[in-house]
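Trainee: model the following, please.
(2 chains)
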Amino acid sequence: EAQVTQNPRYLITVTGKKLTVTCSQNMNHEYMSWYRQDPGLGLRQIYYSMNVEVTDKGDVPEGYKVSRKEKRNFPLILESPSPNQTSLYFCASSFLFQPQHFGDGTRLSIL
Amino acid sequence: EDQVTQSPEALRLQEGESSSLNCSYTVSGLRGLFWYRQDPGKGPEFLFTLYSAGEEKEKERLKATLTKKESFLHITAPKPEDSATYLCAVQAVRGGATNKLIFGTGTLLAVQP
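Mentor: Okay, here's the model as predicted:
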């Protein structure tokens, strides 16, 4: 089954404790992206990757890191999380200019 | 600045009561306009892509249309299972290849039996 898989689905953690949210896709898509979804603000792009070893900032990259060492994986790293990064996170993938497929989200709470 | 505005924010319909959702956009060259459906606790699910003014696409009770400034998602004789948040997003033509989507904040649709 074609899918984008995110882990964990839910996480409660504390300020400053490094965390990684994993994202994996099985559709051989070259493009992958991370979004955060906040009430009243919609989905906003954090980082994206056009292919292996090619990443770039989206609209809200501050406080986040990414890497793309393999085509299928695109982890999101919060090295020193803060409460303003409490949000619902989505990973997406696609072929270039094609509709993006989304994972089911990671709800992150930072106390 | 590229922007997407959806209205209304929320819509409550009786089963069988047809209506339309609006997506207005300003973008420096439209590559494509996308409609997604999002259920609680789930990621957005792709519905339609529209590329040029005058284009229409249909799927079951849903029909999406596109003009140079806005898109409509028409829902004909809705059922309770059509209840969801409907998201609109645009992809702009820019100098250099990019796949970026700019999303609206969505319309929350509730269809009552």
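Trainee: can you give me the pLDDT of the closest residue to chain B within chain A?
Mentor: Nearest residue of chain A to chain B, counting by C-beta to the nearest C-beta: residue A:102, 3.3 Å away. C-beta coordinates here come from the backbone N, C-alpha and C atoms, glycine included. In this model, residue A:102 is scored at 97, pLDDT.
Trainee: grab the nearest non-local neighbour of the residue of chain B found nearest chain A.
Mentor: Residue nearest to chain A within chain B: residue B:43 (3.3 Å; C-beta to the nearest C-beta). Excluding the flanking residues, the one nearest residue B:43 by C-beta to C-beta, 6 or more residues apart in numbering or on different chains is residue A:102, at 3.3 Å.
Trainee: likewise for residue A:87?
Mentor: residue A:36 (4.4 Å).
Trainee: pretty sure that neighbour sits against residue A:89.
Mentor: Yes - applying C-beta atoms under 8 Å, one finds residue A:36 in contact with residue A:89, separated by 5.4 Å.
Trainee: shared neighbours, these two?
Mentor: residue A:46 (C-beta atoms under 8 Å, 6 or more residues apart in numbering or on different chains).
Trainee: skipping adjacent residues, who's closest to the residue positioned nearest the centre of chain A in space?
Mentor: By C-alpha atoms, centre = their mean, chain A has its centre lying nearest to residue A:34, at 3.2 Å. Counting by C-beta to C-beta, 6+ apart, residue A:34 lies nearest to residue A:46, which is 4.3 Å off, once chain neighbours are set aside.
Trainee: near residue 102, how many other residues are there?
Mentor: Picked chain A for this. 24 (other C-beta atoms under 10 Å in any protein chain shown).
Trainee: chain B, not that one
Mentor: Considering only other C-beta under 10 Å, residue B:102 is surrounded by 21 other residues.
Trainee: for the chain, which segments count as strands?
Mentor: By default, I'm working from chain A. With strands called from DSSP state E, chain A shows them at A:4-7, A:10-13, A:19-25, A:31-38, A:42-51, A:54-57, A:65-66, A:76-78, A:87-94, A:101-102, A:106-110.
Trainee: the chain in question should be chain B.
Mentor: Under the criterion DSSP E, chain B carries strands at the ranges B:3-7, B:10-14, B:19-26, B:30-38, B:45-50, B:56-59, B:62-66, B:70-75, B:84-92, B:102-103, B:107-112.
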